[in-house]
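Participant: this one's structure only:
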């Protein structure tokens with residue numbers, strides 16, 4: 001990346017891809033930019049699809065990240081409704097499914113992720129939905145209006161967000177989770193228990209350590225979900241929200257290094273220096289954890305990496321080093337997470353979980369690795385700054401709600 005590329009092609013027109021294109025222009029890049037996306041419409045926000053879009057609080061027009069004229073004004077060529085069929089690394093060109101060939105000097109893969117394939121039998125039937133795209137959200141919103149009994153397969157962020165909306169609409173909601181608690185991959189046992197109780201108070205029921213055997217249809221409509229232990233859950237709407245996998249097939253086919261995502265270095269370059277990868281599809285060295293590879297499904301991570309790769313393409317050699325941030329709105333309980341804790345990291349609870357506003361500080365030995373906050377936005381912002389500066393409150397300080405965490409930041413600035 002020593003010489004500034006004359007043309008940059010970005011594959012993926014989601015949050016990461018669009019931000020990369022915008023940041024390149026913001027940083028003064030004046031070469032050709034092409035943005036390729038497989039959906040026909042304008043790039044749009046995905047987080048509201050599981051919340052405010054299906055409640056009707058926002059429309060499809062509200063979700064657009066940019067207006068059509070913005071692309072013309074920014075001199076960004078948008079190739080919408082196009083799918084990349086192959087990457088020719090030797091000739092530095094892409095073959096599209098339409099037959100078009102697109103050359104590049106540098107390629108940015110922002111291909112995102114897709115829903116995990118079903119591992120159980122499902123009879124073709126109306127009422128089985130997933131949620132990844134705007135068209136999926138339209139289908140879910142429409143079918144939720146007519147549903148009375150909703151089964152959600154998957155107790156992660158997305159599944160619980162939809163469950164909370166369905167429960168608020170008065171639907172009978174049952175969440176099926178394959179492990180022993182909600183959001184286990186992302187949060188502590190303490191925060192998980194608080195969110196399960198929050199949903200149960202709203203009428204949501206759970207089946208934990210449960211395996212779906214099959215989804216049953218009758219007269220071309222879904223009617224039940226059968227579990228491996230013989231339990232039958234009646235349903236007229238089933239949301240399959242069992243996680244996602246990175247879109248790394250193009251990278252595999254052209255010989256890039258891939259392991260749970262497209263492997264990149266600290267400057268977000270792949271094993272081919274003419275190709276970068278960002279967002280959900282990229283596995284990058286996590287600076288806060290000794291450089292171990294990490295892949296994140298986070299809007300903030302997508303935006304941060306897009307901005308970083310734009311600067312890197314224009315000569316900045318600074319390694320990527322941003323505190324990961326996540327959030328989820330679930331029926332009035334806003335979960336915000338800073339950092340990435342491992343499952344065995346210990347927990348210190350700050351505040352009273354029964355109050356509906358508290359935080360959990362995660363530690364590995366004496367080092368702060370992450371902070372989870374429920375309805376405590378100021379504490380979340382302080383945690384982000386602490387983690388970014390590698391400042392670890394003592395466990396006693398973290399457990400004491402009267403201790404001002406910002407004092408540690410102030411003291412650090414005076415050193």
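Facilitator: Structure's in. What do you need? Computed from a predicted model, the values in this text were never measured in an experiment.
Participant: from now on I want contacts and neighbour counts done on CA atoms only, so please keep to that.
Facilitator: Fine.
Participant: so the residue found closest to residue 297 once you drop the neighbours it is linked to in the chain: helix, strand or coil?
Facilitator: Leaving out its chain neighbours, the residue that sits closest to residue 297 by C-alpha to C-alpha, 6 or more residues apart in numbering is residue 280, at 5.0 Å. Three-state call for residue 280 (DSSP: H, G, I helix; E, B strand; the rest coil): helix.
Participant: hmm, residue 280 is touching residue 300, no?
Facilitator: No - applying C-alpha atoms under 8 Å, one finds residue 280 not in contact with residue 300, separated by 10.7 Å.
Participant: show me which of these two is the more surrounded one.
Facilitator: residue 280 (26 against 19; other C-alpha atoms under 10 Å).
Participant: pull the longest helix from this structure.
Facilitator: Secondary structure of the chain per DSSP state H: the longest helix is helix 299-313.
Participant: against which helices or strands is the helix or strand following that one packed?
Facilitator: Next in sequence after helix 299-313, counting helices and strands by DSSP states H and E, comes strand 325-330. On a contact count with 3 or more C-alpha pairs under 8 Å, 6 or more residues apart in numbering; DSSP states H and E, strand 325-330 meets helix 157-168, helix 299-313, strand 333-339.
Participant: can you pull the pLDDT of residue 2?
Facilitator: For residue 2, the pLDDT comes out at 57.
Participant: ditto for the one 5 residues further on
Facilitator: Residue 7 is assigned a predicted lDDT (pLDDT) of 97.
Participant: before we move on, what about the one 10 residues further on?
Facilitator: The confidence metric pLDDT takes the value 98 at residue 17.
Participant: how near is the closest residue to it other than its chain neighbours to residue 390?
Facilitator: Of all residues beyond its chain neighbours, the one nearest residue 17 is residue 110 (5.3 Å), with distances taken as C-alpha to C-alpha, 6+ apart. Distance, residue 110 to residue 390, using C-alpha to C-alpha, to the nearest Å: 29 Å.
Participant: cool, and residue 351?
Facilitator: Distance from residue 351 to residue 390, by C-alpha to C-alpha: 23 Å.
Participant: can you list the domains in this structure?
Facilitator: 7-114+245-313, 121-242, 341-414 (automatic domain parsing).
Participant: could you point out which of those sits nearest residue 330?
Facilitator: Among the domains of the chain, the nearest to residue 330 by C-alpha to C-alpha is domain 121-242 (5.0 Å).
Participant: sorry, back to before: quick one: closest of the domains of the chain to residue 321.
Facilitator: Per C-alpha to C-alpha, nearest to residue 321 of the domains of the chain: domain 7-114+245-313, 5.9 Å.
Participant: span of that closest one from start to end?
Facilitator: With C-alpha to C-alpha, one end of domain 7-114+245-313 sits 11 Å from the other.
Participant: re the thing from before, as JSON lines, the domains of the chain with distance to residue 331 would be great.
Facilitator: Formatted as JSON lines, the domains of the chain follow (distance: least, C-alpha to C-alpha, whole Å):
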{"stretch": "domain 7-114+245-313", "distance to residue 331": "9"}
{"stretch": "domain 121-242", "distance to residue 331": "5"}
{"stretch": "domain 341-414", "distance to residue 331": "11"}
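Participant: any idea what residue 129 is bridged to?
Facilitator: residue 239 (DSSP bridges).
Participant: got the contact list for it?
Facilitator: 136, 139, 140, 237, 238, 239, 240 (C-alpha atoms under 8 Å, 6 or more residues apart in numbering).
Participant: so for residue 110 and residue 390, which residue has more residues nearby?
Facilitator: residue 110 (31 against 14).
Participant: how far away is the more buried one from residue 247?
Facilitator: With C-alpha to C-alpha as the criterion, residue 110 and residue 247 are 9 Å apart.
Participant: joint contacts of the two?
Facilitator: residue 281.
Participant: thought residue 360 was touching residue 372?
Facilitator: Yes - contact status for residue 360 versus residue 372: in contact at 5.1 Å, counting by C-alpha under 8 Å.
Participant: intersection of neighbour lists for the two?
Facilitator: Joint contacts of residue 360 and residue 372 (C-alpha under 8 Å, 6+ apart) are residue 191.
Participant: who's more crowded, those two?
Facilitator: Taking neighbours as other C-alpha under 10 Å, residue 360 and residue 372 compare with residue 372 leading, 30 against 25.
Participant: so what's the residue lying closest to that one once chain neighbours are set aside up against?
Facilitator: Nearest non-adjacent residue to residue 372, counting by C-alpha to C-alpha, 6+ apart: residue 337, 4.5 Å away. Shown in contact with residue 337 (C-alpha under 8 Å, 6+ apart): 325, 326, 327, 370, 371, 372, 373, 380.
Participant: try it again with 6 Å
Facilitator: 325, 326, 371, 372 (C-alpha atoms under 6 Å, 6 or more residues apart in numbering).
Participant: between the residues you listed, which is closest to residue 4?
Facilitator: For those, the nearest to residue 4 is residue 325 (30.7 Å; C-alpha to C-alpha).
Participant: could you pull out the helices for the chain?
Facilitator: 15-26, 52-55, 60-63, 68-73, 134-146, 157-168, 189-201, 249-253, 299-313, 377-388, 395-399, 406-414.
Participant: reformat those as a markdown table; add distance to residue 225.
Facilitator: Listed next are those as a markdown table, based on distance: least, C-alpha to C-alpha, whole Å:
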| stretch | distance to residue 225 |
| --- | --- |
| helix 15-26 | 34 |
| helix 52-55 | 23 |
| helix 60-63 | 31 |
| helix 68-73 | 43 |
| helix 134-146 | 17 |
| helix 157-168 | 16 |
| helix 189-201 | 20 |
| helix 249-253 | 32 |
| helix 299-313 | 32 |
| helix 377-388 | 38 |
| helix 395-399 | 43 |
| helix 406-414 | 49 |
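Participant: test my guess that residue 335 contacts residue 328.
Facilitator: Yes - using C-alpha atoms under 6 Å, residue 335 is in contact with residue 328, at 5.1 Å.
Participant: these two: which is more packed in?
Facilitator: Applying other C-alpha under 10 Å to residue 335 and residue 328 shows that residue 335 carries more neighbours, namely 24 against 18.
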